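**Student:** here's a sequence, model it:
(one chain, ligands or ions: 3)
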Amino acid sequence: MKLFCFYIVAYIQAFNLHFASDPKALCLDGSPASYYKAEGYGTGAKQYILHFQGGARIDGSTQDQLIQSAYLRSKTQLGSSKDLNKQMLFNGMFSRSQNKNPYYYNWNLIHFNYCDGSLHQGYKSDPIEYLGTQLYFRGDVIVKSFISDLFQELSTADTVIVSGCSAGGNAAYFWIEYIRALLPQNVTVYGVPDSGMALNLLAIDGTDYPTESLIQLIDLVNIEVTHPNKQCVEKYSKESWKCYYAQYLFEFIKTPLFIIQSMYDYFSLTVRFKIDCAKNYTLTNCSKEELDFAQNLYKQNYEILSQRKKDYPETGAFAPSCLEHCFLLRDYYDSSDWEVPGDSGNTIQVALNNWLNSKTNPEDNFYVDKVEWPDNKKCSNSDYNNYSPLYVLSILLISHII
Ligand SMILES: *[C@@H]1O[C@H](CO)[C@@H](O)[C@H](O)[C@H]1NC(C)=O
Ligand SMILES: *[C@@H]1O[C@H](CO)[C@@H](O)[C@H](O)[C@H]1NC(C)=O
Ligand SMILES: *[C@@H]1O[C@H](CO)[C@@H](O)[C@H](O)[C@H]1NC(C)=O
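**Tutor:** Ligands and ions are numbered 1, 2, ... in the order given. Coordinates of the predicted model:
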């Protein structure tokens, strides 16, 4: 009997690997693009979440560096489907356990595996040969093939949530209008991008490597096809790199969004902006200049999110003043350490469900931390090392002088 129950649970929980049917939908190494899908049942049978996997992108200041970066990636699971497991389990919002994930455990949950290296977009018909390997750049046709393979069921769905984290959060912003336009109007579509709102700011040393390498990427993969949001590309025809930043793309996204984003995005701080002192998920060891940079990031995020809310009042958000990157498919999803405001009971799970099912005012449900770091105490890691030596020194000075 126990064994029997185990099989039932395993059957219900499993995500199965599927390959894209379009023969042009290839990963960097030429293997077929793939997604994991767990079938919905019961009340979730007509409910869908499409989640674009994250994993940064190929980068470089020159075409040669980009191609080298693509070559290295083609040897990993972020550039190939060769070594993927036939079955998979996920956490957080993609958990199949009713206990852990009461709202979505029985939905159709689909994980678009990321293997094109170019933010789930871009296309080159001819592969590029590098060190004897043919490299394929097919993000655009991969996503279109997934949507076309799933089209029949998606077009009779009640709800389709377009999500993803990091590079996959970018992709959710890029593709949401395309998906919305394709599906019948009686299918409700929402966007729930996680940690996909990188801001266009110079790093603390005044450099802008991310945009530089983005422009190289566009030269490589966006000659034959544009970015998926055509309206944005039309407006920024001379600066199409802007369409890769949510702050410029928002104007062209009419679909309701619930934005999940740390106000101090860990990846942005440490990688994009070179705030090295933040590497232990806290700002306690930062200099005044670094701390000012981080607090400016808070202010910019606050402004951009508030503007979106003003322009599109149905916008929801969960944006804590703590350093992290990617929440939805991790334990943060329902952790009481991650609430906005702190200790309010508003976990991501609660906040998102309030927004999706709000019978009251859809214009509420904007959970953006009003306090700066470290005042959302439970997630701030601020007593990790209490205060930075500089801060302690200044307190000592002040208390002695005054
Ligand atoms: C939407 O409309 C189509 C055709 O009119 C119908 O087949 C489908 O069941 C409808 N979907 C929902 C969720 O009502
Ligand atoms: C992070 O923590 C480790 C171990 O405590 C320490 O050695 C390192 O210096 C810390 N890094 C920063 C940037 O503070
Ligand atoms: C702060 O820096 C010191 C010295 O490098 C290190 O030992 C400590 O672990 C750091 N604290 C944090 C929280 O990173």
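
**Student:** same for the biggest helix by length in the chain, what does it pack against?
**Tutor:** In the chain, ranked by residue count with DSSP state H as the criterion, the top helix is helix 288-311. Here helix 288-311 touches strand 316-319, strand 366-368, going by 3 or more Cβ pairs under 8 Å, 6 or more residues apart in numbering; DSSP states H and E. Using the backbone N, CA and C atoms, a C-beta is placed for each residue, glycine as well.

**Student:** among the helices and strands of this protein, which has the poorest mean pLDDT?
**Tutor:** helix 389-401 (a mean of 42; mean pLDDT, DSSP states H and E).

**Student:** tell me if stretch 267-275 is near ligand 2.
**Tutor:** No: Stretch 267-275 does not reach ligand 2 (Cβ under 6 Å from any ligand atom); its nearest approach is 9.2 Å.

**Student:** next one: that stretch to chain centre, how far?
**Tutor:** Its chain's C-alpha centre and that of stretch 267-275 lie 16 Å apart, by Cα atoms, centre = their mean, to the nearest Å.

**Student:** for Tyr41, what are phi and psi?
**Tutor:** Backbone geometry at Tyr41, expressed as degrees, to the nearest 10, gives phi -150, psi 170.

**Student:** tell me where the protein has helices.
**Tutor:** Secondary structure of the chain (DSSP H): helices located at 2-13, 63-74, 139-154, 167-182, 209-221, 230-235, 246-249, 266-267, 288-311, 348-357, 377-380, 389-401.

**Student:** need the winner for burial among the ones you listed.
**Tutor:** helix 167-182 (a mean of 24; mean count of other Cβ atoms under 10 Å).

**Student:** which elements pack onto that one?
**Tutor:** Contact here means 3+ Cβ pairs under 8 Å, 6+ apart; on that basis helix 167-182 packs against strand 47-52, helix 139-154, strand 159-165, strand 188-194, helix 246-249.

**Student:** again, only this time at 7 Å
**Tutor:** When contacts are defined as 3 or more Cβ pairs under 7 Å, 6 or more residues apart in numbering; DSSP states H and E, helix 167-182 packs onto strand 47-52, helix 139-154, strand 159-165, strand 188-194.

**Student:** and these as JSON lines, adding distance to ligand 3 and mean pLDDT?
**Tutor:** Converted to JSON lines, those look like this (distance: least, Cβ to the nearest ligand atom, whole Å; pLDDT from 0 to 100):
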{"stretch": "strand 47-52", "distance to ligand 3": "32", "mean pLDDT": "98"}
{"stretch": "helix 139-154", "distance to ligand 3": "37", "mean pLDDT": "98"}
{"stretch": "strand 159-165", "distance to ligand 3": "25", "mean pLDDT": "98"}
{"stretch": "strand 188-194", "distance to ligand 3": "25", "mean pLDDT": "98"}
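
**Student:** with distance to ligand 2 added, can I get these in CSV?
**Tutor:** Shown next, in CSV, are the helices and strands packed on helix 167-182 (distance: least, Cβ to the nearest ligand atom, whole Å):
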stretch, distance to ligand 2
strand 47-52, 31
helix 139-154, 34
strand 159-165, 24
strand 188-194, 25
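
**Student:** between those, which one is nearest to Ile110?
**Tutor:** Nearest to Ile110 among the helices and strands packed on helix 167-182 is strand 47-52; the distance by Cβ to Cβ comes to 5.1 Å.

**Student:** is that closest one positioned near ligand 1?
**Tutor:** No: against ligand 1, strand 47-52 shows no contacts by Cβ under 6 Å from any ligand atom, the least distance being 10.4 Å.

**Student:** list the contacts of that strand.
**Tutor:** Applying Cβ atoms under 7 Å, 6 or more residues apart in numbering, the contact partners of strand 47-52 are 40, 94, 104, 107-112, 114, 120, 154, 157-164, 168, 171-172.

**Student:** any quick PyMOL command for the buried ones out of these?
**Tutor:** Here is the PyMOL command that selects the buried residues among those (16 or more other Cβ atoms under 10 Å):
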select buried, resi 40+94+104+107+108+109+110+111+112+114+120+154+157+160+161+162+163+164+168+171+172
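
**Student:** ok, which of the contacts of strand 47-52 also contact ligand 1?
**Tutor:** Near ligand 1, by the rule Cβ under 6 Å from any ligand atom, you find Asp158 out of those.

**Student:** give the burial count for the single nearest residue of the chain relative to ligand 1, as a bare number.
**Tutor:** Relative to ligand 1, the nearest point of the chain is Asn186 (3.7 Å; Cβ to the nearest ligand atom). By other Cβ atoms under 10 Å, 9 other residues sit near Asn186.

**Student:** measure it to ligand 2 for me?
**Tutor:** With the distance defined as Cβ to the nearest ligand atom, to the nearest Å, Asn186 ends up 52 Å from ligand 2.

**Student:** nearest residue to Gln295 in space, ignoring adjacent ones along the chain?
**Tutor:** Of all residues not flanking Gln295 in the chain, Glu372 sits nearest, at 5.9 Å (Cβ to Cβ, 6 or more residues apart in numbering).

**Student:** send me the longest helix of the chain as CSV with only the CA atoms.
**Tutor:** C-alpha atoms of helix 288-311 as CSV (Å, rounded to 0.1, in the frame of the first residue of the first chain):
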residue,chain,number,x,y,z
LYS,A,288,29.9,55.1,2.4
GLU,A,289,30.3,55.5,-1.4
GLU,A,290,29.1,51.9,-1.9
LEU,A,291,26.2,52.3,0.5
ASP,A,292,25.1,55.5,-1.3
PHE,A,293,25.2,53.7,-4.6
ALA,A,294,23.0,50.9,-3.2
GLN,A,295,20.5,53.4,-1.6
ASN,A,296,20.4,55.2,-5.0
LEU,A,297,19.4,51.9,-6.6
TYR,A,298,16.6,51.6,-4.0
LYS,A,299,15.3,55.1,-5.0
GLN,A,300,15.5,54.4,-8.7
ASN,A,301,13.7,51.1,-8.3
TYR,A,302,11.1,52.8,-6.1
GLU,A,303,10.5,55.5,-8.8
ILE,A,304,10.3,53.1,-11.7
LEU,A,305,7.9,50.7,-9.9
SER,A,306,5.7,53.7,-8.7
GLN,A,307,5.6,55.1,-12.2
ARG,A,308,4.5,51.7,-13.6
LYS,A,309,1.7,51.6,-10.9
LYS,A,310,0.6,55.1,-11.8
ASP,A,311,0.5,54.3,-15.6
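
**Student:** so how far is that helix off the chain centroid?
**Tutor:** That offset, for helix 288-311, works out to 19 Å (Cα atoms, centre = their mean).
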